[in-house]
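fold the following.
(one chain, ligands or ions: 1)
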Amino acid sequence: MYRVLFVDHAQALGGAEYSLLLLFEHLNREQFEPFLVCNPSPLAERARQLGVQVIEITMPRLRKNVLAPALLGRGAYRLAKVIREKRIDLVQSNVMRASFYAALAAWLTGVPLLWHVRDLYTPGVYVSWMARVARAAVAISRAVKEPLPATLPCYVIPNGVDLSLFRVPKTESETLRRSWGVPEDGALVGFLGRLRKWKGPEDFIRAMALVQARYPAARFVLVGGTVFANGGDYEEELKTLARGLGLGDKLFFAGYRRDVPQVLAALDLLVHCSVVPEPFGRVIIEAMAAGLPVVAYNHGGPSEIILHQETGLLVPPRDVRSLAEAVGLLLGRPEWARALGRAGRRRVEQCYEIRALTRRLEEVFVQVIEAERESR
Ligand code: UDP
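Numbers count the residues shown, from 1 in each chain. Below is the predicted model:
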């Protein structure tokens with residue numbers, strides 16, 4: 001039995017945490033015993049429900065913090081204690097701040113570190129340091145791998161989805177559509193993601209204002225809340241923008257939803273328009289799993305996931321007019337849109353199915369642990 005310690009500091013659930021929870025759910029427990037070190041958080045609760053041994057250690061923010069060295073030292077010391085006590089074979093770090101703590105603790109204990117790279121970094125001190133401490137990395141997309149030094153062994157293993165969750169009875173999706181005021185003959189275009197500026201909700205609203213001029217029966221929904229607390233009044237700002245562009249009664253703000261498969265089943269297409277390159281974009285594979293075509297800005301992870309004109313449409317980043325045109329094209333050709341959606345689901349079956357991807361990750365875990373054992 002291999003004992004693997006996962007480290008993630010997130011206080012709210014984002015794509016990285018949903019991916020980690022899916023990994024816990026599908027990890028082969030006959031071969032691996034998972035442990036999780038995290039801040040007290042919803043992640044801790046959800047991981048416990050999945051039978052993971054959770055140890056809560058506070059890992060405070062380090063950036064712009066004069067106490068950073070002391071906090072990092074204390075957190076890493078506690079983490080190192082867990083690594084020794086639980087006789088951990090491998091430390092797997094999930095996101096940037098957690099990786100700082102995990103890397104220091106792994107270095108202190110000599111236990112190998114697998115760096116799960118879930119962000120797009122620019123080469124610099126952090127990347128060089130992590131690349132030196134980690135035995136290997138797993139990158140969630142080719143875009144994420146690119147800035148990493150070639151000396152670091154790096155496996156590209158994308159995030160996955162559980163396809164069985166995305167078969168939703170029609171009655172459920174129809175109820176949702178009615179509650180959002182979608183007319184019988186109207187299409188519903190959605191945005192799904194945290195309400196943060198870089199996720200591009202403003203571009204979505206501006207583009208949909210152009211779309212509704214041509215397709216008055218179409219309706220739009222913005223799904224997602226201001227998770228990670230620092231959203232402020234952004235939602236209010238977005239509502240004002242929508243009203244100003246004449247979308248008042250056509251764009252529904254659904255807030256943060258826990259029933260994403262049901263939400264996706266109610267849509268006709270998903271728009272993904274992060275204004276800076278997205279490291280991956282879980283919501284895209286989820287939409288494809290739900291059989292939706294996806295229109296996205298052509299950069300970062302989305303360019304790798306979406307096959308242009310096969311599973312969706314890719315348009316130049318930050319080009320609101322092209323975004324609107326692409327959505328209009330699909331609304332005008334619903335048969336084609338549905339065919340793209342079906343192809344998307346097949347692509348998820350082939351490339352993003354969680355069980356197959358978990359087996360690939362497990363192979364990497366074993367490889368790193370066994371290489372370490374041999375080198376001793
Ligand atoms: N999500 C959710 N409810 C919402 C909005 C988002 O459960 O209202 C989930 C979404 O289904 C996805 C994750 O949050 O699994 C977002 O992952 P993604 O990689 O797209 O973005 P991130 O939050 O990691 O930047």
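
only C-alpha atoms from now on, for both contacts and neighbour counts.
Fine.

disregarding residues adjacent in the polypeptide, which is nearest to the residue of the stretch 1-150 of the chain found nearest the ligand?
Closest residue of the stretch 1-150 of the chain to the ligand, C-alpha to the nearest ligand atom: G15 (3.1 Å). Leaving aside its sequence neighbours, G15 sits nearest to R282 (C-alpha to C-alpha, 6 or more residues apart in numbering; 6.1 Å).

what comes up buried for the helix or strand G301 falls within?
Using DSSP states H and E, G301 sits within helix 300-305. Neighbour-count burial for helix 300-305 flags 300-303, 305 (criterion: 16 or more other C-alpha atoms under 10 Å).

how about residues contacting the helix or strand following it?
Downstream of helix 300-305, the next assigned helix or strand under DSSP H and E is strand 312-315. By C-alpha atoms under 8 Å, 6 or more residues apart in numbering, the list of residues contacting strand 312-315 from outside reads 293-298, 303, 306-308, 322-323, 326, 337, 340-341, 344.

change it to 6 Å
Taking contacts as C-alpha atoms under 6 Å, 6 or more residues apart in numbering, the residues outside strand 312-315 that touch it are 293-298, 308, 340.

any idea how far the next helix or strand after that strand is from the chain center?
Remark: after strand 312-315, the chain's next helix or strand is helix 320-332, criterion DSSP H and E. Remark: helix 320-332 is offset 25 Å from the chain centroid, using C-alpha atoms, centre = their mean, to the nearest Å.

which neighbouring elements make contact with helix 320-332?
Helices and strands touching helix 320-332, as assessed by 3 or more C-alpha pairs under 6 Å, 6 or more residues apart in numbering; DSSP states H and E, comprise helix 201-214.

can you show me the CA trace of the helix it packs on as PDB?
Extracted as PDB, the C-alpha positions of helix 201-214 are listed here (Å, rounded to 0.1, in the frame of the first residue of the first chain):
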ATOM      1  CA  PRO A 201     -18.300  37.800 -17.500                       C
ATOM      2  CA  GLU A 202     -18.200  41.300 -18.900                       C
ATOM      3  CA  ASP A 203     -17.200  40.000 -22.400                       C
ATOM      4  CA  PHE A 204     -20.000  37.500 -22.100                       C
ATOM      5  CA  ILE A 205     -22.600  40.200 -21.300                       C
ATOM      6  CA  ARG A 206     -21.400  42.500 -24.100                       C
ATOM      7  CA  ALA A 207     -21.400  39.600 -26.700                       C
ATOM      8  CA  MET A 208     -24.800  38.400 -25.600                       C
ATOM      9  CA  ALA A 209     -26.200  42.000 -26.000                       C
ATOM     10  CA  LEU A 210     -25.100  41.700 -29.700                       C
ATOM     11  CA  VAL A 211     -26.600  38.200 -30.000                       C
ATOM     12  CA  GLN A 212     -30.000  39.200 -28.600                       C
ATOM     13  CA  ALA A 213     -30.400  41.900 -31.300                       C
ATOM     14  CA  ARG A 214     -30.500  39.100 -33.900                       C
END
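
what angle do that helix and helix 320-332 make?
If you take axes from the mean of the first three to the mean of the last three C-alpha atoms, to 10 degrees, helix 201-214 sits at 50 degrees to helix 320-332.

mind listing what's buried in helix 201-214?
Neighbour-count burial for helix 201-214, with 16+ other C-alpha under 10 Å as criterion, is recorded at 201-212.

what is that helix packed up against?
helix 320-332.

and for the residue in the stretch 101-250 of the chain positioned nearest to the ligand, the neighbour number?
For the stretch 101-250 of the chain, the residue closest to the ligand is G224, as judged by C-alpha to the nearest ligand atom, at 3.5 Å. As a burial measure, G224 scores 21 neighbours (other C-alpha atoms under 10 Å).

might one say that it is in contact with R194?
Yes. Between G224 and R194 a contact is recorded at 5.0 Å, counting by C-alpha atoms under 6 Å.

wasn't V348 part of a strand?
No. Assigned with DSSP: H, G, I helix; E, B strand; the rest coil, V348 falls outside any strand and is helix.

what about it, how many neighbours?
The number of residues packed near V348 is 25, by other C-alpha under 10 Å.

before we move on, what about R345?
Using other C-alpha under 10 Å, R345 has 25 neighbouring residues.

isn't it right up against M288?
Yes. R345 is in contact with M288 according to C-alpha under 6 Å; the separation is 5.0 Å.

may I have the phi/psi pair for L188?
With angles defined as degrees, to the nearest 10, L188 sits at phi -120, psi 120.

what does this protein put close to the ligand?
By the rule C-alpha under 6 Å from any ligand atom, the part of the chain lying against the ligand is 14-16, 18, 192-194, 223-225, 256-258, 260, 280-283.

brilliant, that's me finished.
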